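In: quick one: sequence and predicted model below, then my questions.
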Amino acid sequence: MLITKSAFVAVTGEPLNVAVTSPLWASYLLITPETVIYYGGDSGYFVGYREIGRQFPNINYALLPLTAYHPRWFMHYAHMNVPEALAAFIDLGARYFIPNQWGTFHLGDEPPGYPILA
């Protein structure tokens, strides 16, 4: 995709493993001639990260959620744990990983500071 001006692109997310076309369950790319930023929103890990990385190469920054991931049996569809977030970052082929949403709200069963301690 040749971008000569800035673009804001909605791409798929993976909410609860259900195919939904809604901005509520999407991820976004901010594409400028100099920089590409991927914002993951809320999502569990899914193979679509590889496809997004193929369709949009040269992602500079990947902002991926890292919150509310315990208990895994319940949260794995909607939220990534640390290894899954790193796998998504690698699949996207991004240059820098910026975890977000960490410590924002206490929604899961992981203790405060858990991603840093893991």
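Out: That came through, no problem.
In: contact partners for the most centrally placed residue in the chain?
Out: Nearest to the geometric centre of the chain sits residue 40, at 2.9 Å (Cα atoms, centre = their mean). Contact analysis of residue 40 by Cβ atoms under 8 Å, 6 or more residues apart in numbering lists 13, 27, 62, 63, 64, 65, 88, 100. (Each C-beta comes from the backbone N, C-alpha and C, glycine too.)
In: mind telling me what element the fifth one is part of?
Out: When elements are assigned from DSSP states H and E, residue 64 belongs to strand 61-65.
In: strand partners (parallel or antiparallel) of that strand?
Out: Applying DSSP bridges, strand 61-65 is found paired with strand 36-39 (parallel), strand 96-100 (parallel).
In: pick the most deeply packed of those.
Out: Each of these was scored by mean neighbour count; the highest is strand 36-39, a mean of 21, by mean count of other Cβ atoms under 10 Å.
In: other residues contacting that strand?
Out: Contacts of strand 36-39 (Cβ under 8 Å, 6+ apart): 27-31, 52, 56, 58-64, 92, 94.
In: ok, the residues you listed vs residue 109, which is closest?
Out: Proximity of the contacts of strand 36-39 to residue 109 (Cβ to Cβ) peaks at residue 64, which lies at 20.4 Å.
In: how is residue 91 assigned, secondary-structure-wise?
Out: helix (DSSP: H, G, I helix; E, B strand; the rest coil).
In: residues touching the residue nearest to it when sequence neighbours are not counted, list them.
Out: Take residue 91 and drop its neighbours on the chain: the residue closest to it by Cβ to Cβ, 6 or more residues apart in numbering is residue 49, 3.7 Å away. Residues near residue 49 by Cβ under 8 Å, 6+ apart: 87, 88, 91, 92.
In: tell me the confidence at the residue nearest to the centre of the chain?
Out: Per-residue pLDDT puts residue 40 at 88.
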